[in-house]
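A.B. asks: Pasting the sequence and the predicted coordinates here, then a few questions.
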Amino acid sequence: MPHMEPPSTTTETFEHTNQLQGSPSEAEIANQKTSLNKFYPEENYQTLSQDDAQEREELGVTSVNTADRDGVTAVNTADRDGVTAVNTPDRDGVTSVNTVEREDATSVNTVEREGDQDLNDERWEKLQKIKEQGFYSVDEAIEYIGLGAYHYLWMVLYGFSSMVQGVETTLNSLILTEQICYWDLEFYQVILLPALTLIAAIPGDYLGGVLADRLGRKWTFYSGQLIIAVFGLASAFCDSYPAYLTIRSFVGFGIGMVVMLVIVQIAEVSPANSRVMVVSMAFLMWAIGNIYTVIGAWILEARYGWHAVVLWTAGPCIGLLFLLPFCDESPKYLVISNKADEAKAILSKIARFNNVAMCPGELVATEESQRGRISDMFSESFLLTSIALLVTGMMSNFLYMGNVYATPFLLQESYCEEERSLPSSHQQFRTPESCVLTNTDFIQTMVVCAGEVISIPLMWLLSDMLGRIRAFQILSFSLIPPVILCCFCLGRTALVTELFLTRALCNAGILVIYIYTPESYPTYMRSIAFGTVIMAMNFGGIISLVAVYYVGDSISWIYMFGSFITAAVILFLTTFCFKVETVNVRLSDNR
């Protein structure tokens, strides 16, 4: 920005302004001087030497500029310790005036620069727009407040919830081999153990979405987490197959209620340009939860049995209950519920946590009475996007859950060291030695789980640089080669590498779906739409159990990998059905 020498007197100020705006008449100049001197006597405007001006500029003294409003020049001043510093930087060729409001001044507009004399242009423009309007939306407030401590706190809170979901997902695959021996299970009973958790999650997805859109995100999240904690702890003390199956189904139901709210809650309070980062950091805890479960099974299962492992995984569920009081309702939900005062209080809390002054004006609230209807997903505006999300969600989770459940079996049975077709191989778990994974199996399973950690920066980088759709296309195409390579016996190290890459790319694709879905639907239907996509993903998870425990384990692993390759190709082709890019968009509230 070019530097302009400050005028030495009031008269010079008007002459300098007149050079930029044309030459007004002497009567207009006289009126402008009278308006100026009414509040700011001329004795306050002293001529500054070059050294004095430089000294005040180094101290961060607020600069004074001039702007023409409706033909009348308004000149305001900022006073620091009784010394008025006058500077006139040029903004876009027009000299503007900003000031700190005085008690005796009737109209003063300023921007707090928080120790920095050069105001961030983007925030300055946002604040000026809000001031001119006299009102603001939730999105405008969130964008103005920006990223800060409040969002980091929510990363921890909802990251803990994500960790709980990751723990429960990995738990079934690790202890299943011991449970087969413990209860002497038949084939259909083996599949039913993890399948019932996913089946119970489907009504939880639907109910959680409806309740979150109609009654609020906060209490739906509370209820789901409480169900997970209570029944997750209770399942550690079950000693019969029917009781364990029943209690674990309630855990699945609770997971279904909250899985979409982790993303929705974070997305609705995050600035558009930081949304991917905040969601990614929360889902880093999902990957940590998987590794946490593997470590617990490695340490406890061989010595104390699967009951101890389930108790170990209940720890994060119980710990999360103590963090729930810090959870706030979504201000976007409150706005469409015509609760502007409550929404404004939460926005003020966010600003206070982030150490930012709350923007002036009134918050606009518009009530949306028809909320949480699944039929809205398939209206003309959302039909193609909804179908594409349902298909890609199902295929992505089919591949992801297939990798989760197949990894212990492939490592334990030394797939690449034996015959490719292993009929009825679960019968060999009857021996005590085969009921628990070895140390090598646990270490290599942990390496595969680490692929989810790698997937987070990968997704973050691609989706922000290339956009959500292009990132999804690249990730889904890159998934096909490692899935194909799993069909070939290239050695145990190669198998672990292939499973690692498959896990990383699958998880990155799922994260893109988790980002894109809430950005594609308005607030009044966001949770139910997301819940429906999660329902489709759970269907994919159920099908993967059949692929692993029936097709792969009882018929041939080659057929199982064939189904995975087919799903990867369908996933890649379906990504071209997405037409609306959502990178850096604000989340809409209404139709």
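C.D. replies: Now that the structure is in, tell me what you want to look at.
A.B. asks: Does anything pack onto the longest helix seen in the chain? Which helices or strands?
C.D. replies: Longest helix in the chain, counting residues (DSSP state H): helix 149-183. Packing partners of helix 149-183 (3 or more Cβ pairs under 8 Å, 6 or more residues apart in numbering; DSSP states H and E): helix 187-214, helix 217-235, helix 241-269, helix 275-304, helix 306-321, helix 340-353, helix 383-412. No exception for glycine: its C-beta is placed from N, CA and C like everyone else's.
A.B. asks: Average pLDDT for it, rounded please.
C.D. replies: The average of the pLDDT scores along helix 149-183 is 84.
A.B. asks: Tell me which residues of it come out buried.
C.D. replies: Buried residues in helix 149-183, counted by 16 or more other Cβ atoms under 10 Å: 150-151, 154-155, 157-183.
A.B. asks: Give me the angle between it and helix 306-321.
C.D. replies: With axes from the mean of the first three to the mean of the last three Cα atoms, to 10 degrees defining the directions, helix 149-183 sits at 160 degrees from helix 306-321.
A.B. asks: now the angle from helix 149-183 to helix 383-412?
C.D. replies: Going by the same axes, to 10 degrees, helix 149-183 makes 50 degrees with helix 383-412.
A.B. asks: for the residue positioned nearest the centre of the chain, what are its contacts?
C.D. replies: Nearest to the mean C-alpha position of the chain, counting by Cα atoms, centre = their mean, stands V279 at 2.5 Å. The contact partners of V279, by Cβ atoms under 8 Å, 6 or more residues apart in numbering, come to 263, 266-267, 270, 511, 514-515.
A.B. asks: Which members of those are the farthest-apart pair?
C.D. replies: Greatest spatial distance among the contacts of V279 (Cβ to Cβ): S270 and L511, at 14.8 Å.
A.B. asks: which one of these two has more residues nearby?
C.D. replies: L511 (27 against 23; other Cβ atoms under 10 Å).
A.B. asks: show me what contacts that one?
C.D. replies: Neighbours of L511 in contact, by Cβ under 8 Å, 6+ apart: 279-280, 283, 455-456, 459.
A.B. asks: Next secondary structure after the helix or strand hosting it?
C.D. replies: Secondary structure assignment for L511, by DSSP states H and E: helix 492-520. The helix or strand immediately downstream of helix 492-520 is helix 526-546, counting by DSSP H and E.
A.B. asks: Measure how far that next one is from the centre of its chain, please.
C.D. replies: On the basis of Cα atoms, centre = their mean, to the nearest Å, helix 526-546 sits 19 Å off its chain's mean C-alpha point.
A.B. asks: cool, stretch 384-399 as well?
C.D. replies: Per Cα atoms, centre = their mean, the centroid offset for stretch 384-399 relative to its chain is 19 Å.
A.B. asks: what's the distance between A201 and P194?
C.D. replies: 11 Å (Cβ to Cβ, to the nearest Å).
A.B. asks: Apologies, that question was intended for A406.
C.D. replies: As judged by Cβ to Cβ, A406 and P194 stand 12 Å apart.
A.B. asks: Common neighbours of the two, please.
C.D. replies: When contacts are counted by Cβ under 8 Å, 6+ apart, A406 and P194 have no shared neighbour.
A.B. asks: now for the helices and strands packed on helix 149-183, which one comes closest to E140?
C.D. replies: Across the helices and strands packed on helix 149-183, E140 has its closest neighbour in helix 340-353 (10.1 Å, Cβ to Cβ).
A.B. asks: between the closest one and helix 149-183, how many degrees?
C.D. replies: Between helix 340-353 and helix 149-183, the angle comes out at 100 degrees (the same axes, to 10 degrees).
A.B. asks: quick one, helix 340-353 and helix 241-269 angle?
C.D. replies: Using the same axes, to 10 degrees: helix 340-353 against helix 241-269 is 80 degrees.
A.B. asks: can you list the residues that contact the helix or strand just after helix 340-353?
C.D. replies: Next helix or strand after helix 340-353 toward the C-terminus (DSSP H and E): strand 362-363. Contacts to strand 362-363, defined as Cβ under 8 Å, 6+ apart, come from residues 134-138, 141, 335, 340, 343-344, 347.
A.B. asks: Looking at those residues, which is nearest C506?
C.D. replies: The closest of those, once distances to C506 are taken by Cβ to Cβ, is V138, at 33.8 Å.
A.B. asks: what's F237 sitting at in phi/psi?
C.D. replies: F237 adopts backbone torsions of phi -110, psi 10, taken as degrees, to the nearest 10.
A.B. asks: So for it, what's the nearest residue that isn't a sequence neighbour?
C.D. replies: Distances taken as Cβ to Cβ, 6 or more residues apart in numbering place H307 nearest to F237, at 7.3 Å, with adjacent residues excluded.
A.B. asks: For the one you found, the count of nearby residues, please.
C.D. replies: When neighbours are counted by other Cβ under 10 Å, H307 registers 19.
A.B. asks: Check whether it really touches S235, as I assumed.
C.D. replies: No - using Cβ atoms under 8 Å, H307 makes no contact with S235, being 9.1 Å away.
A.B. asks: Where does pLDDT dip in this structure?
C.D. replies: Scanning the chain with the threshold set as pLDDT under 70 gives 1-135, 365-369, 412-436, 589-591.
A.B. asks: and G319, what does it touch?
C.D. replies: F160.
A.B. asks: got the contact list for A195?
C.D. replies: 542, 545.
A.B. asks: Okay, it and Q189: tell me how far apart.
C.D. replies: A195 sits 10 Å away from Q189, going by Cβ to Cβ.
A.B. asks: same check, this time on V269
C.D. replies: For V269, the distance to Q189 (Cβ to Cβ) stands at 44 Å.
A.B. asks: And N538, by the same measure?
C.D. replies: From N538 to Q189 the distance is 20 Å (Cβ to Cβ).
A.B. asks: And these two? Which one has more around it.
C.D. replies: N538 (26 against 14).
A.B. asks: quick one: the more buried one and N397 touch, right?
C.D. replies: Yes - with contact defined as Cβ under 8 Å, N538 and N397 form a contacting pair (7.1 Å).
A.B. asks: tell me, how many neighbours does F322 end up with?
C.D. replies: Neighbours of F322 (other Cβ under 10 Å): 9.
A.B. asks: again but with Y304, I slipped
C.D. replies: 12.
A.B. asks: Now do it against L311, distance only.
C.D. replies: Taking Cβ to Cβ, one finds Y304 at 9 Å from L311.
A.B. asks: Equivalent analysis for S348, please.
C.D. replies: Using Cβ to Cβ, one gets 42 Å for the distance from S348 to L311.
A.B. asks: Equivalent analysis for S455, please.
C.D. replies: Applying Cβ to Cβ to S455 and L311 gives a distance of 29 Å.
A.B. asks: neighbour-wise, which of the two wins?
C.D. replies: Using other Cβ under 10 Å, the more surrounded residue of S455 and L311 is S455, with 26 against 17.
A.B. asks: Tell me which residues touch the more buried one, please.
C.D. replies: Contacts of S455 (Cβ under 8 Å, 6+ apart): 287, 503-508, 511.
A.B. asks: Could I get those residues in JSON lines, plus columns for distance to V551?
C.D. replies: Below are the contacts of S455 laid out as JSON lines (distance: Cβ to Cβ, whole Å):
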{"residue": "A287", "distance to V551": "28"}
{"residue": "R503", "distance to V551": "20"}
{"residue": "A504", "distance to V551": "24"}
{"residue": "L505", "distance to V551": "22"}
{"residue": "C506", "distance to V551": "19"}
{"residue": "N507", "distance to V551": "23"}
{"residue": "A508", "distance to V551": "26"}
{"residue": "L511", "distance to V551": "28"}
